[in-house]
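Visitor: what's the 3D shape of this:
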Amino acid sequence: MEKQHPIGDLMTTTMQKIREIADVNTIIGQPIHAGEVTIIPISKLTVGFASGGSDFVSKNQKVEGDNSFGGGSGAGMNLSPVAFLIVKGDTVKLMPVAPPPGNTVDRVVEMVPEVVDKITDFIDKQQDKKSTEPPAGPADKVEW
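Guide: Modelled structure (predicted):
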């Protein structure tokens, strides 16, 4: 049996921990009972994962020998509410959660295409204006 590289063990362990955190109950929440009404929260889970490592070989070490290994891994998660399922008797309604207002960076990014169009139009108008004006020259002298 071939020996697995340490980076494989590192990635496997990290992915197992992510699976433990992100089970189905994270996305479809536990039902909340309020009298005749049942509310079920629904969320969106975003996961980022990175892993890396390197083997270190000394001068006297054989290529086939065990190398020193250094590595690390990490993950980030974001859980955002998306909607609520509201169950009352035989009626089921989906009530979406309004998106939170964007931060300043989001608004600036959304405005970039509009600003670029306005600047381009302004530059075009200025160039058209310059091409229709007579060239600037010395003013005619007026004698009295």
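Visitor: show me the contacts for the residue positioned nearest the centre of the chain.
Guide: What sits nearest the mean C-alpha location of the chain, by C-alpha atoms, centre = their mean, is Thr46, with 8.4 Å. Shown in contact with Thr46 (C-beta atoms under 8 Å, 6 or more residues apart in numbering): 77-78, 80. The way it works is simple: take the backbone N, C-alpha and C, and place the C-beta from them, glycine included.
Visitor: rerun at 7 Å
Guide: Residues counted as contacts of Thr46 (C-beta atoms under 7 Å, 6 or more residues apart in numbering) are 77-78.
Visitor: off-centre distance for the helix or strand containing Ile123?
Guide: Using DSSP states H and E, Ile123 maps to helix 104-132. Remark: helix 104-132 is offset 27 Å from the chain centroid, using C-alpha atoms, centre = their mean, to the nearest Å.
Visitor: same question, stretch 80-91
Guide: 27 Å.
Visitor: is it true that the residue nearest to the centre of the chain lies in a strand?
Guide: Yes. Secondary structure of Thr46, determined by DSSP: H, G, I helix; E, B strand; the rest coil: located in a strand.
Visitor: from Leu79, how far out is it?
Guide: The gap separating Thr46 from Leu79 is 8 Å, by C-beta to C-beta, to the nearest Å.
Visitor: ok so, going back, I'd like to know which elements the helix holding Ile123 is packed against.
Guide: Helices and strands touching helix 104-132, as assessed by 3 or more C-beta pairs under 7 Å, 6 or more residues apart in numbering; DSSP states H and E, are absent.
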